[in-house]
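J.: Structure, please.
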Amino acid sequence: MNTPAALPKPDANPAPNPAAKPDAKPAAAALSKPKVLEEIDWASKHYLIVDDFVGIRQLLRESLRSLGARNIDQASSGGEAMGLLNKLRYDVVLCDYNLGEGKNGQQVLEEARMRQLLMPSSVFVMVSAEKSVESVMGAAEHQPDAYLVKPITEGVLLTRLNRVWRRKQIFRLIDQAFIEKDYLRAARLCDDQIAASRVHEIELLRMKARMLERSGQPARAREVYEKVLAQREYHWARAGLGKIRMADGDFEQARQMFQTVIAENRHYIDAYDQLAKAYQGMGQHEEAAAVLERAAKMSPNSVPRQRHLGQAALRLGNVPMAEKAFRKCLVIGEYSIRKAPDDYLGLARVCGLKGNTKDALQLLLLVQREFGSEHEHMVLRAKITEGHVYHESGDYLNARRAGDELDGMLQADPRRPGTAICIEMATLLFAVGVKGTPNEVLAYVIRNNHDNTLLQDEVQKIFDRARLPDEGALIIRTARKEAVDLMNQGVVLWKTGKLPDAVKWMRKARERLPDNVRVLFNAVQILISHMQQRGYEPELDVEAREVLEHVDRLQPSQQRFAQLMEQLGALQPKPEPANPAPPEAGKDEKDAQDDAAPSRKP
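T.: Below you'll find the model as predicted:
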């Protein structure tokens with residue numbers, strides 16, 4: 001059986017063995033530098049040690065100093081560590097898992113990764129006295145570069161640092177391309193590294209498949225996974241094929257693949273999450289909730305997993321399970337960057353279903369205080385939830401009042417939230433008897449998703465339940481035509497060579513249809529065409545990248561996203577050195593830039 005892919009093998013330090021083999025090194029020899037370390041300039045690196053015990057920090061500091069390290073910073077808490085990470089990009093971070101009050105090591109790593117406070121070449125080592133599967137799996141889900149179990153000998157630390165550092169250098173350029181969301185370049189760099197050395201071939205193939213998936217090329221990713229499986233049964237490769245099957249709508253085949261992975265490796269936690277998605281795709285929501293509940297028991301410190309469990313249970317009407325999951329979210333998410341208003345809103349809905357409107361309203365006040373400045377539509381979302389709470393608790397008078405207040409907010413502010421929130425809002429407005437406004441909200445949804453037939457069917461069902469089937473069908477047809485006409489006008493301007501007019505038109509189209517992915521892609525294509533024909537403009541480049549960032553948040557893993565990102569990269573002028581030095585004798589550096597031909601069809 002393979003070692004669990006999601007569970008790194010901890011470096012435990014065995015007790016001294018008097019019956020050790022004759023070639024076992026004495027303690028003094030273990031403290032000396034291995035010969036291979038001399039090739040790495042450890043002295044120039046910047047280090048951060050994070051531990052709430054000063055004695056442990058001092059021990060780790062001395063271990064690093066024996067390596068030649070000079071630039072060593074220390075933090076006694078997760079909050080202090082985040083402050084230092086925000087100021088300096090460290091080469092090596094040694095972080096304890098349990099840091100007392102505030103963020104733990106898992107949350108430090110999670111936030112540092114999400115905020116890109118670590119360089120692609122940085123090494124993050126999780127250090128812990130915790131040996132429980134729960135703690136190790138929780139940390140492993142965020143993939144530290146190494147996981148060391150206390151007490152740590154100097155020899156183990158230095159040997160592991162050396163090994164991990166060398167591996168990080170292999171993936172440094174690939175990781176940088178991934179951070180820049182240039183997934184096609186990242187996939188090519190994987191091939192370059194495999195051609196140079198096959199030592200890390202399997203890991204590089206895994207990264208390549210991941211990049212191909214993110215670039216919207218599942219067929220090529222599938223070829224990579226199948227190539228790997230032809231050599232050996234790797235659980236991550238089997239799970240990767242399952243994800244591709246699921247993306248193709250073959251939920252039954254995906255289900256079988258994920259169940260096979262779990263049967264062979266019950267600690268492969270991602271397979272549980274994917275299996276739950278497969279069940280949801282098949283409409284088997286009870287099975288999905290059961291899988292999520294099992295995964296949450298194995299690795300309970302994942303905020304997103306607890307949230308998904310709460311939402312799945314709420315959909316089923318399983319109030320006890322939903323309440324337990326959402327309350328767990330609030331506890332483990334208190335110091336996490338994953339903390340989100342959805343957890344408070346979900347728990348408020350639970351309180352409403354229990355008839356406890358007082359606690360629900362207190363939660364709604366709290367969520368607005370916590371997130372009001374960060375989330376654009378927070379007040380609107382709280383009002384939607386308030387309406388649901390009153391309606392589900394049987395207080396129809398206050399439910400209608402909340403609906404009327406929501407209607408007034410929509411009339412006063414033309415901005416609209418995302419698709420899921422709009423659908424939730426329209427459902428509530430219909431339920432409490434507000435007329436007119438839910439029609440407009442659902443028309444907005446269709447205009448922003450004019451080619452999504454599944455969503456259109458969902459919207460039609462909402463009209464059917466409101467006993468407005470014919471009116472709903474007309475609204476859907478009209479909204480789809482509006483979106484197509486608006487998009488086509490920009491394309492006509494582009495094809496007839498009126499590029500400045502096309503750019504202006506597509507800006508107006510984006511204002512009216514801010515979440516329509518096809519409109520956004522076309523807008524970027526026209527910006528690129530403008531720069532291709534009339535010269536590079538930094539302002540247009542920034543505008544195009546901001547639009548693509550929004551697309552990637554709406555619908556990640558789109559092939560056109562990867563293609564347009566590559567075209568933008570090809571447009572950027574290459575900086576010239578002020579005083580170019582002559583090439584060194586015998587040195588042959590290859591320019592890895594490989595510009596793809598831009599698509600001429602928006």
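J.: roughly how far apart are A209 and Q555?
T.: Distance, A209 to Q555, using C-beta to C-beta, to the nearest Å: 20 Å. In short, each C-beta sits where N, CA and C put it, glycine included.
J.: Tell me which of the two has more neighbours.
T.: A209 (29 against 13; other C-beta atoms under 10 Å).
J.: in what helix or strand does the more buried one lie?
T.: The secondary structure element spanning A209 is helix 201-214 (assigned by DSSP states H and E).
J.: Show me what that helix is packed against.
T.: Contacting helix 201-214 under the criterion 3 or more C-beta pairs under 8 Å, 6 or more residues apart in numbering; DSSP states H and E are the following elements: helix 154-179, helix 183-196, helix 218-231, helix 235-247.
J.: now the helix or strand just after the shortest one and helix 235-247, what's the angle there?
T.: This points to helix 235-247. Reading on from helix 235-247 to the C-terminus, the next helix or strand found by DSSP H and E is helix 251-264. Comparing the axes of helix 251-264 and helix 235-247 via axes from the mean of the first three to the mean of the last three C-alpha atoms, to 10 degrees yields an angle of 160 degrees.
J.: what pLDDT, on average, does whichever helix or strand comes after helix 251-264 get?
T.: The element immediately downstream of helix 251-264 (helix or strand, assigned by DSSP H and E) is helix 269-281. Averaged over helix 269-281, pLDDT sits at 96.
J.: Now do the helices for the stretch 501-602 of the chain: every range, in order, please.
T.: Under the criterion DSSP state H, counting those that start in this stretch, the stretch 501-602 of the chain contains helices at 517-534, 538-554, 559-571.
J.: neighbours of R553, just the number please.
T.: By other C-beta under 10 Å, the burial measure for R553, its neighbour count, is 10.
J.: Relative to V517, how far out is it?
T.: Using C-beta to C-beta, one gets 11 Å for the distance from R553 to V517.
J.: So which residues make contact with stretch 109-119?
T.: Where contact means C-beta atoms under 8 Å, 6 or more residues apart in numbering, the residues beyond stretch 109-119 that reach it are 82, 85-86, 89-91, 93, 95, 103, 124, 126, 139, 142, 144, 179, 336-338.
J.: Just to be sure, which of those residues are found in helices?
T.: 82, 85-86, 139, 179 (DSSP state H).
J.: Using CSV, lay out the residues you listed together with distance to L353 and pLDDT.
T.: Rendered in CSV, the data for those read as follows (distance: C-beta to C-beta, whole Å; pLDDT from 0 to 100):
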residue, distance to L353, pLDDT
M82, 37, 97
L85, 41, 97
N86, 41, 96
A139, 35, 62
I179, 42, 90
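J.: Tell me the most packed of those residues, by neighbour count.
T.: Of all those, the highest neighbour tally under other C-beta under 10 Å goes to A139, namely 26 neighbours.
J.: tell me the pLDDT at the most centrally placed residue in the chain?
T.: Against the mean C-alpha coordinate of the chain, by C-alpha atoms, centre = their mean, the closest residue is M114 at 7.8 Å. Reported pLDDT at M114 in the predicted model: 92.
J.: how near is it to Y183?
T.: Computed with C-beta to C-beta, the distance linking M114 and Y183 is 18 Å.
J.: and the residue lying closest to R400 once chain neighbours are set aside, what does it touch?
T.: Counting by C-beta to C-beta, 6 or more residues apart in numbering, V432 is the residue found nearest to R400 once chain neighbours are left out, at 4.7 Å. With contact taken as C-beta under 8 Å, 6+ apart, V432 is in contact with 387, 391, 396, 399-400, 402-403.
J.: how about the residue lying closest to G433 once chain neighbours are set aside, phi and psi?
T.: Excluding its sequence neighbours, the residue lying closest to G433 (C-beta to C-beta, 6+ apart) is R400, at 6.1 Å. Note on R400: backbone dihedrals following degrees, to the nearest 10 are phi -70, psi -40.
J.: One more: the one 5 residues further on?
T.: Its backbone dihedrals place E405 at phi -70, psi -40, with angles given as degrees, to the nearest 10.
J.: Could you double-check that it sits in contact with K383?
T.: Yes: in this structure, E405 is within contact of K383 by C-beta atoms under 8 Å, at 6.1 Å.
J.: Among the two, which residue is more densely surrounded?
T.: Neighbours were counted for E405 and for K383 using other C-beta under 10 Å; K383 has more, 22 against 13.
J.: residues contacting that one?
T.: Contact criterion C-beta under 8 Å, 6+ apart gives 402, 405-406, 409 as the residues in contact with K383.
J.: Look up the pLDDT of it for me, please.
T.: We note a pLDDT of 97 for K383 in this prediction.
J.: How about the one 10 residues further on?
T.: S393 is assigned a predicted lDDT (pLDDT) of 91.
J.: What number of residues are in the vicinity of it?
T.: S393 is flanked by 18 other residues according to other C-beta under 10 Å.
J.: Could you list the low-pLDDT ranges of the stretch 501-602 of the chain?
T.: Across the stretch 501-602 of the chain, the stretches falling below the confidence threshold (pLDDT under 70) are 575-602.
J.: Which of the helices and strands in the protein ranks last by mean pLDDT?
T.: The helix or strand of the chain with the poorest confidence is helix 27-31; it has a mean of 35 (mean pLDDT, DSSP states H and E).
J.: just checking, next helix/strand downstream of that one?
T.: Once helix 27-31 ends, the next helix or strand along the chain (criterion: DSSP H and E) is strand 46-50.
J.: Neighbouring strands - and their directions - for that following strand?
T.: Using DSSP bridges, strand 46-50 pairs in its sheet with strand 71-75 (parallel), strand 92-96 (parallel).
J.: Please report the distance of D343 from G355.
T.: Computed as C-beta to C-beta, the D343 to G355 distance reads 21 Å.
J.: what about those two, which has more around it?
T.: With other C-beta under 10 Å as the criterion, D343 and G355 differ in neighbour count, and D343 comes out ahead with 26 against 13.
J.: Which residue is the nearest non-sequential neighbour of that one?
T.: What sits nearest to D343 in space, not counting adjacent residues and going by C-beta to C-beta, 6+ apart, is C329, at 3.9 Å.
J.: you'd agree that neighbour is up against R307?
T.: Yes: taking contact to mean C-beta under 8 Å, the distance of 5.4 Å between C329 and R307 places them in contact.
J.: and for the two, which residues touch both?
T.: 343, 346.
J.: Can you tell me what sits against stretch 560-572?
T.: Looking at stretch 560-572 with C-beta under 8 Å, 6+ apart, the contacting residues turn out to be 180-185, 214-217, 521, 524-525, 528, 531-532, 536, 541, 544-545, 548, 551-552, 593, 595-596, 598-599.
J.: Secondary structure and pLDDT added to the contacts of K383, as JSON lines?
T.: Formatted as JSON lines, those follow (DSSP: H, G, I helix; E, B strand; the rest coil; pLDDT from 0 to 100):
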{"residue": "A402", "secondary structure": "helix", "pLDDT": "97"}
{"residue": "E405", "secondary structure": "helix", "pLDDT": "97"}
{"residue": "L406", "secondary structure": "helix", "pLDDT": "96"}
{"residue": "M409", "secondary structure": "helix", "pLDDT": "95"}
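J.: Wait, P304 touches I337, no?
T.: No: the pair P304 and I337 fails to qualify as a contact (C-beta under 8 Å) at a distance of 11.3 Å.
J.: Pull the contacting residues for G418.
T.: Applying C-beta under 8 Å, 6+ apart as the definition, the contact partners of G418 turn out to be 515, 554.
J.: State the distance from it to A443.
T.: The span separating G418 from A443 equals 15 Å under the rule C-beta to C-beta.
J.: mind listing what's buried in the helix or strand hosting K383?
T.: In this structure, K383 is located in helix 378-392 according to DSSP H and E. If you call a residue buried by 16 or more other C-beta atoms under 10 Å, then helix 378-392 has these buried ones: 378, 380-392.
J.: repeat for stretch 324-333
T.: Neighbour-count burial for stretch 324-333, counted by 16+ other C-beta under 10 Å, picks out 324-330, 332-333.
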